[in-house]
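Engineer: Any chance you can model this:
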Amino acid sequence: MRNSIILLTLFMLLITGICLIPHSDAAAKNPAVTTLVKGMNIGDWLDTDDSFYIQTTRYTKGDFADIKSLGCDHIRIEINFETTDSPLPDFPLSPIIAGCMDEAINWAEQLGLKVILSNHYNDFADATYTVEQTWLVKIWQQVAERYASKGDVVLYEINAEPGDKISAANWNTVAAAVIAAIRSVDANHTIIVGPVNWYSLDNLNDLDTFSDTNLIYAFNFFRPLLFTHQGATWHDVDYNTVGIPFPYDAARMPALDADAVGTPIEDEYNLYTNTSLGADCPGTVEYLQAQIDKVAQFASSRGVPVWCSTFGANMSDVEVQDRANWLQAVASYMSGKNIPWCHTGYRGDWGIFDEDSPGILKYNVNDTVATALSLTPPEKQEYEAEPLFEGFTIYNDEVHEGIRVGWWLGEVGEPNFFVTDNPHSGEYCLGMLFPGQWNAIDFYFPLHLDMQYLIDDDSYLDLWIRCDDPVGHVQLRFEDTDEDSAEHPWRMNKQVDDSVVPFDGEWQNVQIPLNEMEDQGAWDPDDEGWYNPAGLYDWTHVQRFQLVSEIAAQTETELYFDDIRIIDPYDTGIKSPLEKPDHVELTQNYPNPFNPATTIEFTLDKKSDVSLNIYNIQGELVRNLYSGKSLTGSHQVEWDGTNNYNHNVASGIYIYTLETNDRKISHRMVLLR
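Structural biologist: Numbers count the residues shown, from 1 in each chain. Alright, predicted model coming up:
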């Protein structure tokens, strides 16, 4: 009887067209669209003209953890896949970009974040779209195949903001081809597609409703441009009128910039000030809400999910509260409409940090901006540099974590951080090519370094250099902080040319004692003034290291560098190991007995945390003479017979004790009053 019921059930399912498919198989055939809520854009990492400009270590797992701690669930990484190391006809994926994406996705997976890989290429045009479609298909097939087996952690944004040179019909053709190419190798991950005209929400309805159901439809939001882009440029249009409030406030509204008179910007300005237009006045919250309602209507009528790929306001010339008012109005209304969003930037002029700050979450987050986005900023801390006790690496195959690299090399010059031709060691060396004059590659320490111990320890700047131009040259320069108008970015430098090491095309080792670098003075960009050397360089506040083409133009010179480090001279053979103490020693104080003071000398065989204390004969602490880090070598400390309260102690026997990381030594001494 039971078997008959089972057979009857199976028969009924078959004739009604229902298939028995395991849940996992059904999910594979109809995967759910990935859920997004709040996100953060990273646009200053992989969105470069060439992949050899990329600093692979610019973002770390710690940065991703910081973004998650704010309350974000996804990170959008802007990537330029169309690079010179992805040539015709196969368009191979850049290994540099691929390595960074791999790391980012692994971090996100570990942290419970989603990563959106967003291709940034804006040169689509009706005349060439079939060619562009070819490389886009090949690139996305490689990306999708690489991450097809990843879980629900990665999304593919096929092309962010196709511009206004390609028609909606042609872009729909490209998008359909790319979606099909991705699906040929990856059936599961969500794909993101947006309209022409820079993802304008006004062009959402120009998008096809594609047959693939695992899609998100994207738009951006920068309305009104008169406010969001004041002091910035939008596709070759300069919005020079600055100080515009939001919402519109007649008492605070600046005059229209003279260059905008008689241009379409003047029309935007007049609309912004015309509050009689109600929701059609761009200077009102109601206007923003009406624009977002258009997106909600699109999503409802099409039955598709939408996502704001980027929105924000340039901070450079905007009052913080005005910016916060705009952000809060946009973010809260989109969230209320169940429209997920991604803020336009983490760091930089569109970011969430205090202006001109290094962008470290616990030190520099702008609480007003973060709160306006309904993010949860950490309690802000004051940064104090811990003294560096050991040397460190600046470049070795890649720029090391904790450093951000930039450059200004003129119209012809360029860097290459991944030169494979004849590195001194490892896979790569660094190229500084045709640098011109007064140009540099800049290694910026966002959290300034305290290098005073390294100076006292006779540490060296050590690097390898290769150049085949006998008149080539480079200045190796350290610059200290420039935190306020009373300070200047003082320089310490050393000129290296053919008189220092041969510029004969072979690798040469350059070793410079830090304490022998030359005080050059300061050029202050704040007032464009030059300041002669004044002995004011501060090794406790080192902000950057630079490779500079200073004394003459180098239009045909190629300079290569490798293994740029700060090193301990004892550990590298610059100083003979015989000069280095081989044990810890605490000598007898002198004089002994003493009155009123005595000198205690100790010797360290290596850098160490040190505590030197005075105890009475009962073992009670009388005076802490020193606690902190000490360098290799001999040190002297004086005791004047007082306790920790600066009161004279009585005559008697006292014990002084030296404690290091791995030793403890004591001696007795006698104080006679």
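Engineer: Low-confidence regions, the stretch 351-500 of the chain specifically.
Structural biologist: Where the stretch 351-500 of the chain drops to pLDDT under 70, the residues are 484-485.
Engineer: All the helices of it, in order from the start?
Structural biologist: 361-364, 367-372, 452-456 (DSSP state H, counting those that start in this stretch).
Engineer: Quick check: next helix or strand after the helix or strand of the chain with the lowest mean pLDDT?
Structural biologist: In the chain, no helix or strand scores lower on mean pLDDT, DSSP states H and E than helix 23-29, which sits at a mean of 34. Next along the chain after helix 23-29, taking DSSP states H and E as the criterion, comes strand 38-46.
Engineer: helices and strands around that next one, which ones?
Structural biologist: strand 74-79, helix 95-111, strand 114-120, strand 341-343 (3 or more CB pairs under 8 Å, 6 or more residues apart in numbering; DSSP states H and E). C-betas here are computed from N, CA, C, even on glycine.
Engineer: Could you chop this protein up by domain?
Structural biologist: What automatic domain parsing lists as the domains of the chain is 33-221, 392-573, 580-671.
Engineer: Tell me how far the closest residue to residue 381 other than its chain neighbours lies from residue 450.
Structural biologist: Closest residue to residue 381 in three dimensions, ignoring its sequence neighbours and counting by CB to CB, 6 or more residues apart in numbering: residue 362, at 5.0 Å. Residue 362 is 18 Å from residue 450, where distance means CB to CB, to the nearest Å.
Engineer: the more surrounded of those two?
Structural biologist: Using other CB atoms under 10 Å as the criterion, residue 362 and residue 450 rank with residue 450 on top: 17 against 14.
Engineer: Touching, that one and residue 388? I think so.
Structural biologist: Yes: between residue 450 and residue 388 there is a contact under CB atoms under 8 Å: 6.0 Å.
Engineer: So which residues of the stretch 551-673 of the chain form strands?
Structural biologist: For the stretch 551-673 of the chain, strands defined by DSSP state E, counting those that start in this stretch occupy the ranges 558-567, 585-586, 598-604, 608-616, 621-630, 633-639, 652-659, 664-671.
Engineer: And the stretch 51-200 of the chain, by the same measure?
Structural biologist: Using DSSP E, counting those that start in this stretch, the strands assigned to the stretch 51-200 of the chain run over residues 74-79, 114-120, 154-160, 191-193.
Engineer: so which of those gets nearest residue 412?
Structural biologist: Counting by CB to CB, residue 412 lies closest to strand 114-120 out of the strands of the stretch 51-200 of the chain; the figure is 25.0 Å.
Engineer: what sits against residue 334?
Structural biologist: Applying CB atoms under 8 Å, 6 or more residues apart in numbering to residue 334 gives the contacts 221, 292, 308, 340, 341.
Engineer: In a markdown table: those, plus distance to residue 614.
Structural biologist: Compiled in a markdown table, these are given as follows (distance: CB to CB, whole Å):
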| residue | distance to residue 614 |
| --- | --- |
| 221 | 67 |
| 292 | 71 |
| 308 | 66 |
| 340 | 64 |
| 341 | 63 |
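Engineer: buried subset of those?
Structural biologist: Neighbour-count burial within the contacts of residue 334 applies to 221, 292, 308, 340, 341; the criterion is 16 or more other CB atoms under 10 Å.
Engineer: And the residue nearest to the third one when sequence neighbours are not counted, how close does it get to residue 55?
Structural biologist: In other words, residue 308. Setting aside the residues directly before and after it, residue 308 is nearest to residue 341 in space (CB to CB, 6+ apart), at 4.0 Å. Residue 341 sits 28 Å away from residue 55, going by CB to CB.
Engineer: Next: residue 118.
Structural biologist: Residue 118 is 19 Å from residue 55, where distance means CB to CB.
Engineer: So for the two, which residue has more residues nearby?
Structural biologist: A direct count of neighbours by other CB under 10 Å for residue 118 and residue 55 places residue 118 higher, at 27 against 21.
Engineer: measure the more buried one to residue 380 for me?
Structural biologist: Separation of residue 118 from residue 380 (CB to CB) stands at 30 Å.
Engineer: Help me confirm that residue 435 comes into contact with residue 557.
Structural biologist: Yes: counting by CB under 8 Å, residue 435 touches residue 557, with 7.1 Å between them.
Engineer: what residues do those two have in common as contacts?
Structural biologist: residue 549.
Engineer: Of those two, give the one with the bigger neighbour count.
Structural biologist: Using other CB under 10 Å, the more surrounded residue of residue 435 and residue 557 is residue 435, with 30 against 22.
Engineer: show me what contacts the closest residue to the more buried one other than its chain neighbours?
Structural biologist: Spatial nearest neighbour of residue 435, chain neighbours left out: residue 549 (3.9 Å); criterion: CB to CB, 6+ apart. Residues near residue 549 by CB under 8 Å, 6+ apart: 413, 432, 435, 436, 437, 438, 439, 440, 473, 474, 475, 557.
Engineer: Any chance of those in TSV with distance to residue 262 as columns?
Structural biologist: TSV is the format used below for those (distance: CB to CB, whole Å):
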residue	distance to residue 262
413	39
432	45
435	42
436	38
437	40
438	38
439	38
440	41
473	50
474	49
475	48
557	47
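Engineer: And the helices and strands packed on strand 38-46: which comes nearest residue 444?
Structural biologist: Comparing the helices and strands packed on strand 38-46 under CB to CB, the one sitting nearest is helix 95-111, at 19.3 Å.
Engineer: ok, now how distant is residue 512 from residue 460?
Structural biologist: Distance, residue 512 to residue 460, using CB to CB: 6 Å.
Engineer: And for residue 615?
Structural biologist: Using CB to CB, residue 615 is found at 40 Å from residue 460.
Engineer: okay, the two: which has more neighbours?
Structural biologist: Set residue 615 next to residue 460 and count neighbours by other CB under 10 Å: residue 460 wins out with 23 against 15.
Engineer: bridging residues for residue 494?
Structural biologist: Beta-bridge pairing of residue 494 under DSSP bridges involves residue 476.
Engineer: Does it touch residue 519 like I think?
Structural biologist: No: Residue 494 sits out of contact with residue 519 when judged by CB under 8 Å, with a separation of 11.2 Å.
Engineer: So which residues of the stretch 201-350 of the chain form strands?
Structural biologist: All strands of the stretch 201-350 of the chain, identified by DSSP E, counting those that start in this stretch, fall at 215-221, 233-234, 237-238, 306-311, 341-343.
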